[in-house]
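Engineer: model this:
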Amino acid sequence: MRPYSSEDRGQRTELLTSVFCLLTSVFCLLAGCAGPEEEPIWENVKIGDLAPHRGGKPPSVRLIKTINFDLHIFEIPAENIDKLDDTRKTLYTKPLRFNSLHAFGDNSFSVHFGQIRMLDEIYNLLLAANGKIIARVSLMLADGQTESIAITGINSPRTIFFTSTYGSREGANVGPGILALRIKTRKIPDSRGVCNVTVYPVYSPPMIKSAIPQLDARTKLREFPFSAAAFELKMGPGDFVLLGPKEYVSDQTALGGLFFSNPKGSLFFSKTERKPPEFKPAVRIFLLVCTRINY
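Structural biologist: Numbers count the residues shown, from 1 in each chain. Purely as a prediction, here's the structure:
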């Protein structure tokens, strides 16, 4: 192999220099194609932007405006319905308003109002009547929103008889569906911490969700609200109402009987005697507690 001469070394150096210049040009070209350098984020921040937001919350945070309830549904043996009198004696009726107080009672509905300091006592009295909780439901309603809680199913067409607000005996012809407890809330203008609450039983046909609004609206038109058994009151956090039957009605064609009574019976344990649990006809009691108002 021939050793490198000075001429060869000069050519090799010249070649390496050319390659280096070419690579440098390509790198500069690529760098020139990139977008302009972004301005640091702190360049646009003003002193006022760093000040804490008044009220202690960021401007973008908004509380959801709701009225919250807990509904406790009890069953007690029908034979112990007289023990509800002791429970009702500790509560009030003055805050309640009715479409017709006479019709409300004639349909075997009874409702009383209480406040948070009485709640434990009411619980204990219901349990002392051998009551048991069969359901708990938490509700979160916006202003003007309604919510229906299914109470009992209706498997076949029937007539539900009731006393109307005019005092007449009437019948509502209904098909398969449910009898529900409907709760509606309404904010009171210029009043904080209280709301109007309306409660009433309603028949609803089976709800089939449809993409066509007209079909949903047609289904709602088949509902039957029993306004003769409606009541209304102002409620704040800690307030509650106790809704139950005025008397035991086993007739499942009567509004009061269908809504409150369970003639087929429920399983109850004796708290005073050592004996097996028994199936006994039962009545339902509803305890509706306002837990929070976010307005």
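
Engineer: Report the secondary structure element holding Lys264.
Structural biologist: Here Lys264, judged by DSSP states H and E, is contained in strand 261-268.

Engineer: Parallel or antiparallel, list what pairs with that strand.
Structural biologist: strand 278-293 (antiparallel) (DSSP bridges).

Engineer: Helices along the stretch 51-200 of the chain, start to end?
Structural biologist: For the stretch 51-200 of the chain, applying DSSP state H, counting those that start in this stretch gives helices covering 84-88, 101-106, 119-128.

Engineer: what's the average pLDDT for the longest one?
Structural biologist: For helix 119-128, mean pLDDT is 94.

Engineer: Pro205 - nearest residue in space that isn't next to it in sequence?
Structural biologist: Gly177 (4.3 Å; CB to CB, 6 or more residues apart in numbering). No exception for glycine: its C-beta is placed from N, CA and C like everyone else's.

Engineer: Can you tell me whether I have it right that Glu256 is in a helix?
Structural biologist: Not Glu; residue 256 is Gly. Yes - the assignment for Gly256 is a helix, going by DSSP: H, G, I helix; E, B strand; the rest coil.

Engineer: that older thread, looking at the helices of the stretch 51-200 of the chain, which is closest to Thr163?
Structural biologist: helix 101-106 (3.9 Å; CB to CB).

Engineer: helices or strands up against that closest one?
Structural biologist: For helix 101-106, the packing partners by 3 or more CB pairs under 8 Å, 6 or more residues apart in numbering; DSSP states H and E come out as strand 158-163.

Engineer: Show the secondary-structure elements that the strand it packs on is packed against.
Structural biologist: helix 101-106, strand 169-174, helix 255-260.

Engineer: do you know which of those lies nearest Gly131?
Structural biologist: helix 255-260 (13.3 Å).

Engineer: Return the list of helices and strands in contact with that closest one.
Structural biologist: strand 146-154, strand 158-163, strand 240-245, strand 278-293.

Engineer: Show me what the first one packs onto, helices and strands only.
Structural biologist: Taking 3+ CB pairs under 8 Å, 6+ apart as contact, the helices and strands that strand 146-154 lies on are strand 132-141, strand 177-187, strand 195-204, helix 255-260.
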